[in-house]
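Chemist: All I have is the shape, not the residue letters:
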């Protein structure tokens, strides 16, 4: 009998664990396709999170009350889990495959203001997320009603259920029922939560230095070290927050009488607070107060809650009040002792401008000879010659190759430099385009890989005119050659006539993939004529004649086909580039990738150009010169990447 009960308990807790495990997986899966529809701004994310939490709260409250009317809550719990699976599958299918869902959002995006669009996002999120999340929210009250049968062990019993389903309450599961003044304990944990928030802010401002120290001490890659540090920083306040919930249940419920309804009610108010916090943070605090002020508010809000709880207990000792006063001083010192800005620290560069936007933190760093724009620490533009060439060539190359272009558009997270160079050729119109270019930064930054999927390139193709040209900026550093193959293979699958170009005037860290409707063929005389209109802008990056542009062709169509043969394809449903080669993030490894690209250069690239005998002879000399430059660039990059002293 005892063995059977123990086995039953194990199965029961295994089911609870899998329930919580799957709920988080559902959340992550839903966020990804919804990100493709709504975007990834703080407003869009806050809306999705708010609806998720709202569903949990309403489900816990309603099913918590209903659990009191059933004689077999375990059986109802099993039915609810089955319904969660069905509703979750239905939600995914609606998001991913129902055209009307995306169409409604597109219609709202094009015709409503910001607040109207936010309401539409909220309603669309409710339609697809509320049914499964409502059911997920009801699992905890049903579990509590079935498992909690003794008032004497209510706190520890609920803690065991809760920590198996989430994380944090394991620290209180053994002693919660032995404490007599749980309100004072709750106040103490609120203090620790507030202090941990202040400490996280203090440590975060030293994140890069601590990451570097972890790299050296643990022999980790840059990204691995930063993930470890971020996990530890997030875990500390999360554990304290996890302790608060079972404490609150014990304080409110007292005994197991109507525990299902009581647990549901507590979950409802808990998630209602989370919903309000998500919306306030995304729509008010971060946009208007900033991250530093938001942290200051939250730290002191936690301390205020502790103060009010200590007032309620009446028998609080002087030690408790002294501890609260000390925590208040220490927490605020940690916050006020630091800078109010969150920017990348670079030796020799000062902060010239700083702002926190809706989707990122923007800073301008510089000195007497350099200016650079950084978004969330990513150097997206600057006066460095490589960065200027990066932006300008992405505009000029496809527009010079296009046949009489009249409209163009650039898609990305840049600073307007590429669009500015585009405007020197033509105007930009809201219609089908003759040229579309994708311009982003690091492939591991936020959701940049969304702009390299097969589905995205298909959207680009659908927006092009019949003779339109597509171009994509591709990094040479920060990824393996296999990932570079995947990038080019995905582009090439949508644009079979793909060529790859590399800027040759000085060492750079990018290539440009160009997709044309037919086999690429460039008339050098016509190219030279069209360059006259933008000659001044081209000269800023040391490009003077048509043969210099033509000589930048690195791989022809057959070279590309041979290189990408058998490579996986990066898709919305299987975003392989988003998760591969994480240890190469932010690494300078241009030389090996450029060297391997050159290994596929087998075609006579001169066949892609027509012109006079003199032009073709000059172009041939350019190709020979650039071959020497490539080798010099590779040697230069290898010297730069080599450890000092080698």
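Modeler: Cool, got the structure. On a predicted model such as this, the values are computed, not experimentally measured, just so you know.
Chemist: Flag every buried residue along the helix or strand where residue 460 lies.
Modeler: Using DSSP states H and E, residue 460 maps to helix 454-462. Neighbour counts using 16 or more other Cβ atoms under 10 Å place 454, 456-457, 460 of helix 454-462 among the buried residues. (Glycine included, C-beta is placed from N, CA and C.)
Chemist: same check, this time on stretch 500-520
Modeler: Buried residues in stretch 500-520, counted by 16+ other Cβ under 10 Å: 500-505, 507-517, 520.
Chemist: next one: stretch 366-379
Modeler: For stretch 366-379, the neighbour count (16+ other Cβ under 10 Å) marks 366, 372-379 as buried.
Chemist: Give me the nearest residue to residue 384, chain neighbours excluded.
Modeler: Setting aside the residues directly before and after it, residue 384 is nearest to residue 370 in space (Cβ to Cβ, 6 or more residues apart in numbering), at 6.7 Å.
Chemist: pretty sure the one you found is touching residue 349, no?
Modeler: Yes. Residue 370 lies in contact with residue 349 (Cβ atoms under 8 Å); the separation is 7.1 Å.
Chemist: per-residue confidence for residue 121?
Modeler: Per-residue confidence (pLDDT) for residue 121: 75.
Chemist: you'd agree it is up against residue 49?
Modeler: No. If you go by Cβ under 8 Å, residue 121 and residue 49 don't touch, sitting 11.8 Å apart.
Chemist: neighbour count winner among the two?
Modeler: Each of residue 121 and residue 49 has its neighbours counted (other Cβ atoms under 10 Å); residue 121 has more, 23 against 20.
Chemist: Outline the domain layout of this protein.
Modeler: Split into domains by automatic domain parsing, the chain comes to 15-147, 384-641.
Chemist: any chance of the ones you listed in a markdown table, with distance to residue 199 too?
Modeler: Shown next, in a markdown table, are the domains of the chain (distance: least, Cβ to Cβ, whole Å):
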| stretch | distance to residue 199 |
| --- | --- |
| domain 15-147 | 24 |
| domain 384-641 | 26 |
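Chemist: among those, which is nearest residue 304?
Modeler: Nearest to residue 304, of all these, is domain 15-147, at 22.7 Å by Cβ to Cβ.
Chemist: List the residues that contact the residue nearest to residue 384.
Modeler: 349, 382-384 (Cβ atoms under 8 Å, 6 or more residues apart in numbering).
Chemist: Format those residues as CSV; extra columns: distance to residue 293 and pLDDT.
Modeler: Below are the contacts of residue 370 laid out as CSV (distance: Cβ to Cβ, whole Å; pLDDT from 0 to 100):
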residue, distance to residue 293, pLDDT
349, 25, 83
382, 29, 81
383, 32, 82
384, 33, 82
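Chemist: In terms of helices and strands, where is residue 107?
Modeler: Residue 107 belongs to helix 99-111, assigned by DSSP H and E.
Chemist: List the contacts of that helix.
Modeler: Counting by Cβ under 8 Å, 6+ apart, 37-38, 94-95, 116-117, 120-121, 124, 128 sit against helix 99-111.
Chemist: Likewise for stretch 72-86?
Modeler: For stretch 72-86, the surrounding residues in contact (Cβ under 8 Å, 6+ apart) are 15, 19, 22, 26, 63, 67, 70, 132, 135-136, 138-139, 142-143, 145-146, 260.
Chemist: Quick one: mean pLDDT over that stretch.
Modeler: In this model, stretch 72-86 carries a mean pLDDT of 82.
Chemist: what comes up buried for it?
Modeler: 73, 76-77, 80-81, 84.
Chemist: and residue 184, what is it in contact with?
Modeler: Going by Cβ under 8 Å, 6+ apart, residue 184 touches 309-310, 313, 316, 320.
Chemist: Toward the C-terminus, what is the element adjacent to the helix or strand where it lies?
Modeler: For residue 184, the host element (DSSP H and E) is helix 182-204. As assigned by DSSP H and E, the chain's next helix or strand after helix 182-204 is helix 207-218.
Chemist: Need the residues that contact that next one.
Modeler: Residues outside helix 207-218 that contact it (Cβ under 8 Å, 6+ apart): 203, 220-222, 225-226, 228-229, 344-345.
Chemist: Can you say which of these are buried?
Modeler: Among the contacts of helix 207-218, those buried by neighbour count (16+ other Cβ under 10 Å) are 203, 220-222, 225-226, 229, 344.
Chemist: Just the pLDDT at the residue lying closest to residue 343 once chain neighbours are set aside, thanks.
Modeler: Leaving aside its sequence neighbours, residue 343 sits nearest to residue 363 (Cβ to Cβ, 6+ apart; 3.8 Å). Per-residue pLDDT puts residue 363 at 84.
Chemist: Can you tell me which of the domains of the chain has the worst average pLDDT?
Modeler: Among the domains of the chain, domain 15-147 carries the lowest mean pLDDT, at a mean of 76.
Chemist: Going along the chain, name the strands of the stretch 301-450 of the chain.
Modeler: Along the stretch 301-450 of the chain, the stretches classed as strands by DSSP state E, counting those that start in this stretch are 350-356, 361-366, 371-375, 378-382, 408-412, 433-439.
Chemist: Just checking the distance from the first one to the centre of its chain.
Modeler: Offset of strand 350-356 from its chain centre (Cα atoms, centre = their mean, to the nearest Å): 22 Å.
Chemist: same for it, what does it pack against?
Modeler: Counting contacts by 3 or more Cβ pairs under 8 Å, 6 or more residues apart in numbering; DSSP states H and E, strand 350-356 packs against strand 361-366.
Chemist: go again using 10 Å as the cut-off
Modeler: helix 290-313, strand 361-366, strand 371-375 (3 or more Cβ pairs under 10 Å, 6 or more residues apart in numbering; DSSP states H and E).
Chemist: So residue 201 is in contact with residue 292, correct?
Modeler: Yes. Under the criterion of Cβ atoms under 10 Å, residue 201 makes contact with residue 292 at 7.4 Å.
Chemist: Quick check: neighbours shared by those two?
Modeler: 335, 338, 342 (Cβ atoms under 10 Å, 6 or more residues apart in numbering).
Chemist: If you rank these by neighbours, which is first?
Modeler: residue 335 (21 neighbours).
Chemist: and that residue, how far is that from residue 356?
Modeler: Distance of residue 335 to residue 356, computed by Cβ to Cβ, to the nearest Å: 16 Å.
Chemist: again with residue 323
Modeler: For residue 323 relative to residue 356 (Cβ to Cβ), the value is 34 Å.
Chemist: Compare neighbour counts for the two and give me the winner.
Modeler: More crowded of residue 323 and residue 356, by other Cβ under 10 Å: residue 356, with 21 against 17.
Chemist: distance of that one from residue 362?
Modeler: 8 Å.
Chemist: list the buried ones in the strand ranked longest in the chain?
Modeler: What stands out as the longest strand in the chain, according to DSSP state E, is strand 464-475. Within strand 464-475, the residues scored as buried using 16+ other Cβ under 10 Å are 464-465, 468-475.
Chemist: gap between the helix or strand just after it and the chain center?
Modeler: For strand 464-475, the following helix or strand on the C-terminal side (DSSP H and E) is helix 481-494. The chain centre lies 21 Å from the centre of helix 481-494; the measure is Cα atoms, centre = their mean.
Chemist: any idea how far residue 49 lies from residue 361?
Modeler: Distance from residue 49 to residue 361, by Cβ to Cβ: 20 Å.
Chemist: Kindly report the same for residue 234.
Modeler: 18 Å.
Chemist: Counting neighbours, go ahead and name the busier of the two.
Modeler: The neighbour count for residue 234 versus residue 361, taken as other Cβ under 10 Å, is higher for residue 361 (19 against 11).
Chemist: Am I right that the more buried one is in contact with residue 340?
Modeler: No. Using Cβ under 10 Å, residue 361 makes no contact with residue 340, being 11.7 Å away.
Chemist: Please state the backbone phi and psi of residue 122?
Modeler: The phi and psi torsions at residue 122 (degrees, to the nearest 10) take the values phi -60, psi -50.
Chemist: gap between it and residue 62?
Modeler: Counting by Cβ to Cβ - residue 122 and residue 62 are separated by 20 Å.
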